[in-house]
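Asker: with the input below, show me the fold.
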Amino acid sequence: MNKTVVIKRASSSDIQFNLKDGAGSDAVHTTPIYAYAVCKLETDHAIEGIGLAFTLGMGNNLVCQAIDYLVRYVEGREINELMSNFGKCQKPWLMTLIFVGWGHTRE
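Answerer: Residues are numbered from 1 along each chain as shown. Next up, the predicted model:
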């Protein structure tokens with residue numbers, strides 16, 4: 001039998017670093033920023049999930065807003081319940097949010 005693990009809290013973080021001397025630039029992105037959005041899932045046990053989505057900076061806030069909107073569907077839910085239908089889900093974006101970040105254990 002699987003251990004019951006409930007997602008208690010989820011949050012996003014907008015992380016950005018400026019690149020120097022044209023690093024990462026191309027014909028379209030002349031001033032890119034190394035950026036990623038972080039989705040963090042905290043549980044009622046010493047287990048947490050971390051998911052990353054990399055951008056060129058300008059869309060990072062939109063990714064964080066999407067995370068903040070979608071976490072309402074996982075907070076308070078039991079992980080085995082959420083994963084029991086993995087691959088058959090009507091909402092593949094929700095399963096991606098859960099699956100990508102799951103499996104990191106806190107010390």
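
Asker: where do the strands of this structure begin and end?
Answerer: 7-18, 33-43, 47-55, 104-105 (DSSP state E).

Asker: with respect to burial, which of these scores highest?
Answerer: strand 33-43 (a mean of 19; mean count of other C-beta atoms under 10 Å). (Glycine included, C-beta is placed from N, CA and C.)

Asker: next, the angle from that one to strand 47-55.
Answerer: 160 degrees (axes from the mean of the first three to the mean of the last three C-alpha atoms, to 10 degrees).

Asker: can you show me the CA trace of strand 33-43 as CSV?
Answerer: The C-alpha atoms that make up strand 33-43 are tabulated as CSV, following Å, rounded to 0.1, in the frame of the first residue of the first chain:
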residue,chain,number,x,y,z
ILE,A,33,17.5,37.1,-20.0
TYR,A,34,18.3,33.7,-18.5
ALA,A,35,15.0,33.0,-16.7
TYR,A,36,13.0,30.2,-15.3
ALA,A,37,9.7,29.8,-13.4
VAL,A,38,9.7,27.5,-10.4
CYS,A,39,6.7,25.5,-9.2
LYS,A,40,7.1,24.1,-5.7
LEU,A,41,4.7,21.6,-4.1
GLU,A,42,4.9,21.1,-0.3
THR,A,43,3.3,18.1,1.4
